[in-house]
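In: take a look and give me a structure for this.
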Amino acid sequence: MMELRKTLAGRIALTAVATVILLFLALPIIVILITSFSNNAFAQFPPEEWTLNWYKALFADGSKWPAALSLSALVAAISTLFSLIIGVTAATALTRSELPLRSAVYALVLGPLIIPQIVTALGLFLLFEPAA
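Out: Below you'll find the predicted structure:
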């Protein structure tokens, strides 16, 4: 990978690949944003007619959506802040120090990444287990 960065062709290739990956990741957001301007009650891409009716309803007087949107943004900001603090602290502690319970802390930090796969595997096992 390091060899690609040294040449002009390698830098261009890495930039192109990174751009394609970012566009692929952003594509669902772009589709949802374009679909939000549709006149239909159900999602349809591409929209047959373009309208701002959904945004008018969102910010109309008496609508509870702005309060819900601001509460969601507040919860997202607070959870992001706490996640960053806990994650950076845990990563720094795990990489730069020799904790006596390092493996336990490591397991605790990686638990949310591992547990969903274990639950899914257990559910699939019970689903496909032959009846006795």
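In: rest of the way, CA atoms for contacts and neighbours
Out: Will do.
In: show the average pLDDT along the helix or strand hosting Thr15.
Out: Assigned by DSSP states H and E, Thr15 belongs to helix 8-35. Per-region confidence: helix 8-35 scores 90 on mean pLDDT.
In: stretch 111-124 now?
Out: Mean pLDDT, computed over stretch 111-124, is 87.
In: what's the spacing between that stretch and its chain's center?
Out: 18 Å (C-alpha atoms, centre = their mean, to the nearest Å).
In: what residues does it touch?
Out: Residues from elsewhere that reach stretch 111-124 (C-alpha atoms under 8 Å, 6 or more residues apart in numbering): none.
In: on that earlier part again, list the helices and strands the helix holding Thr15 packs on?
Out: On a contact count with 3 or more C-alpha pairs under 8 Å, 6 or more residues apart in numbering; DSSP states H and E, helix 8-35 meets helix 2-6.
In: Asn40 and Leu58, how far apart?
Out: Per C-alpha to C-alpha, to the nearest Å, Asn40 is found 16 Å from Leu58.
In: which one's the longest helix in the protein?
Out: Longest helix in the chain, counting residues (DSSP state H): helix 65-96.
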